[in-house]
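In: kindly return the folded structure for what I paste below:
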Amino acid sequence: MPNVPLKQWSLMLLVGIMIVLFLSQLPAIERGLQQRRQAVNVFQPNKATLLTDDNLVDSLSMLPLQEQLIKVGWDHAILTVDLQAAVPDDVWGDIGELIVFSYGEVHNVKQVLIRVFSDKDKNQNRSLLIAVESRKLEWTDKELSVLTPSSFSEASELMDRIRLLITPKGKRWIANFAN
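Out: Residues are numbered from 1 along each chain as shown. Got it, this is the predicted structure:
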């Protein structure tokens, strides 16, 4: 009967070796669990390539605009944006940002209409300062590829590509900041 203790010892040795091998795998198992436990974004920003009614607000809210958005609209490939003005230089940058976004980042905008309003006065009325219209057909692909928001200013040659209307009140507003 000397075989019985040998079988028990060999079984215990085999179980011991399996336990040691299992314990050596614990760090790998822990790394796998840590990757699963990492925070998962519930809301991930979706980079839209086509502008729609459903993603209009989300797409425009991601733009780094300096001026406050008052109203946005989307109708038959025409994007309309109303801004509340504070500083003229910021307005020109925002106009550039909106045009770059409309023609460079999304591919279904054919026309951009931007209106810039003053703050509300005592009677809760806003005054139109600047109106801008731009059409995608007036821009070449080469011009759109090198276009940056910072390249827009009141004196920029790019302003020839857009139709710009500055109201008399808008001219006074710009002159006040120039002084």
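In: what residues go with each domain of the protein?
Out: Under the assignment automatic domain parsing, the domains of the chain span 3-37, 56-178.
In: separation between the residue nearest in space to the middle of the chain and Val106?
Out: Nearest residue to the geometric centre of the chain (C-alpha atoms, centre = their mean): Met62, 3.2 Å. Distance of Met62 to Val106, computed by C-beta to C-beta, to the nearest Å: 12 Å. All C-beta atoms are positioned from the backbone trio N, CA, C, and that covers glycine.
In: what do you get for Val146?
Out: Separation of Val146 from Val106 (C-beta to C-beta) stands at 18 Å.
In: quick one, which of those two is more surrounded?
Out: Under the neighbour definition other C-beta atoms under 10 Å, Val146 and Val106 were set side by side, and Val106 has more, 18 against 7.
In: Gly32 sits in which helix or strand?
Out: Gly32 is part of helix 26-37, with elements assigned from DSSP states H and E.
In: let me know which of the domains of the chain is the nearest to Leu50.
Out: domain 56-178 (4.9 Å; C-beta to C-beta).
In: one step back: now, of the domains of the chain, which is deepest in the fold?
Out: For the domains of the chain, average neighbour numbers computed from mean count of other C-beta atoms under 10 Å are highest in domain 56-178, which has a mean of 16.
In: mean confidence score for it?
Out: Average pLDDT, domain 56-178: 85.
In: what about that domain, distance to the chain center?
Out: Between the centre of domain 56-178 and the centre of its chain there are 17 Å (C-alpha atoms, centre = their mean, to the nearest Å).
In: next one: stretch 13-32
Out: 47 Å.
In: which residues of this structure fall in strands?
Out: Assignment of strands within the chain using DSSP state E yields the ranges 68-75, 78-84, 111-117, 128-135, 163-166.
In: turn those into a markdown table, including distance to Ser24.
Out: A markdown table is the format used below for the strands of the chain (distance: least, C-beta to C-beta, whole Å):
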| stretch | distance to Ser24 |
| --- | --- |
| strand 68-75 | 59 |
| strand 78-84 | 61 |
| strand 111-117 | 63 |
| strand 128-135 | 66 |
| strand 163-166 | 72 |
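In: which of those sits closest to Leu23?
Out: Nearest of the strands of the chain (C-beta to C-beta): strand 68-75, 59.2 Å.
In: strands paired with that closest one, and their directions?
Out: strand 78-84 (antiparallel) (DSSP bridges).
In: quick one: the partner strand to strand 128-135, angle?
Out: 160 degrees (axes from the mean of the first three to the mean of the last three C-alpha atoms, to 10 degrees).
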